[in-house]
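Peer 1: just the structure for this:
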Amino acid sequence: MTDEKVARRTVGGEIIEWLDVPPRAAALQLEPHPEGGWYRETWRSADPVHTEAGDRPAATLIYFLLPPGEASAWHAVTSDEIWLWHGPGEVALQLGGSGAEPVNTDVLLLGADEAAGQRAQGLVPAGVWQRTLPRASEALVSCLVSPGFSFDDWSLNHAV
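Peer 2: Sure thing, here's the model as predicted:
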């Protein structure tokens with residue numbers, strides 16, 4: 001870790017907590033995500049699409065890093081989201097249904113061990129609650145969202 005501390009902030013800019021920057025987050029120029037983990041948008045389509053919430057890019061892509069023991073809070077996106085695993089550790093992605101509140105349902109394991117039921121990529125359909133669960137080792141994924149991600153189309157729920 002570096003000696004630098006950075007703030008995890010809400011979408012509105014309020015400070016949630018102060019964090020040490022993990023080495024891989026520093027190397028990839030990632031910042032703390034409001035839901036947990038570390039991220040940076042790496043691509044945004046130049047082609048717009050019209051949605052009920054307004055025009056959005058056709059798709060967006062981010063890096064998302066989960067250091068050991070870190071998780072993300074329940075959240076839902078109004079677009080389909082494809083998770084692409086890069087490793088080295090596995091990611092446990094819990095799905096929570098599409099109701100008003102998340103419920104504990106299926107866990108999608110992203111990783112290299114197909115015999116153990118892990119996959120290198122997984123789909124979270126639009127409107128489905130999701131969260132990552134803590135794991136023992138660091139994991140890097142990319143998340144492709146289509147239509148493209150906007151915090152205006154994102155809901156956060158701290159329910160357990």
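Peer 1: so which residues of the chain form helices?
Peer 2: Here the chain has its helices, by DSSP state H, at 23-27.
Peer 1: how about low-confidence regions in it?
Peer 2: Filtered on pLDDT under 70, the chain yields the residue ranges 1-3, 158-160.
Peer 1: grab the most central residue of it for me.
Peer 2: The centroid of the chain falls nearest to residue 64 when counting by CA atoms, centre = their mean (5.8 Å).
Peer 1: from residue 32, how far out is that one?
Peer 2: Taking CB to CB, to the nearest Å as the measure, residue 64 falls 11 Å from residue 32. (Each C-beta comes from the backbone N, C-alpha and C, glycine too.)
Peer 1: give me the number of residues near the nearest residue to residue 137 once chain neighbours are set aside?
Peer 2: Of all residues not flanking residue 137 in the chain, residue 89 sits nearest, at 3.3 Å (CB to CB, 6 or more residues apart in numbering). Neighbourhood size, residue 89 [other CB atoms under 10 Å]: 17.
Peer 1: hang on, residue 89 packs against residue 135?
Peer 2: Yes - counting by CB atoms under 8 Å, residue 89 touches residue 135, with 5.4 Å between them.
Peer 1: chain neighbours aside, what residue packs nearest to residue 73?
Peer 2: Nearest non-adjacent residue to residue 73, counting by CB to CB, 6+ apart: residue 35, 4.8 Å away.
Peer 1: now for that neighbour: which residues touch it?
Peer 2: Contacts for residue 35 (CB atoms under 8 Å, 6 or more residues apart in numbering) come out as 72-73, 75, 131, 156.
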